[in-house]
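# give me a 3D structure for the following:
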Amino acid sequence: MKNLEDLLPEPVARKCIRRRELCGIPYPEVLQAIEIATAGGIAVLGVEQFQVEDSTLRFLTGSGYEFPYVGQWDEFVQANNTTARTFVMDIPREDGFVYILTSVCNEEYQDLVAIREPQ
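The predicted structure follows:
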């Protein structure tokens with residue numbers, strides 16, 4: 001399975017803020033991460049914006065969009081990732097702020113769907 005964090009180039013990964021399993025990506029690097037996700041066939045299902053305060057992240061806002069998957073993975077990725085990019089561009093924050101991307105690859109998505117289907 002593809003993990004977006006593993007696909008980030010080293011210069012972007014070095015700028016990320018990590019808190020446990022969370023990876024906060026600063027602006028404008030978050031836009032590059034969304035492009036990498038798109039190229040890798042990874043859907044960004046949501047974006048959350050945080051303010052970095054000492055050793056914690058304070059939640060500011062989240063994207064709140066949702067697109068149904070109707071069998072065309074590439075279209076699903078495009079719709080989600082275009083909206084993720086628009087969300088970030090509408091409220092770009094630089095120093096002291098990060099974005100956390102909730103993402104999923106096709107294989108992981110299909111595994112989750114299979115788990116939820118009645119046996």
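# longest strand of this protein?
Counting by DSSP state E, the longest strand found in the chain is strand 42-53.
# partner strands of that strand, with direction?
If you go by DSSP bridges, strand 42-53 pairs up with strand 56-62 (antiparallel), strand 97-105 (antiparallel).
# what about the shortest one, average pLDDT?
In this model, strand 56-62 carries a mean pLDDT of 93.
# report the distance from it to the chain centre.
Mean C-alpha position of strand 56-62 versus that of the full chain (Cα atoms, centre = their mean, to the nearest Å) differs by 15 Å.
# what are the contacting residues of whatever helix or strand comes next after it?
Sequence-wise, the next helix or strand downstream of strand 56-62 (DSSP states H and E) is helix 73-90. By Cβ atoms under 8 Å, 6 or more residues apart in numbering, the residues outside helix 73-90 that reach it are 27, 30-31, 34, 37-38, 41-47, 63, 65, 67, 69-70, 99, 101, 106, 109. In this view, the C-beta of every residue, glycine as well, is placed from N, C-alpha and C.
# returning to that earlier point: okay, the strands paired with strand 42-53 in a markdown table with mean neighbour count and distance to Cys23 next?
Converted to a markdown table, the strands paired with strand 42-53 look like this (neighbours: other Cβ atoms under 10 Å; distance: least, Cβ to Cβ, whole Å):
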| stretch | mean neighbour count | distance to Cys23 |
| --- | --- | --- |
| strand 56-62 | 13 | 11 |
| strand 97-105 | 22 | 7 |
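# reformat those strands as CSV; add distance to Leu22.
CSV is the format used below for the strands paired with strand 42-53 (distance: least, Cβ to Cβ, whole Å):
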stretch, distance to Leu22
strand 56-62, 7
strand 97-105, 6
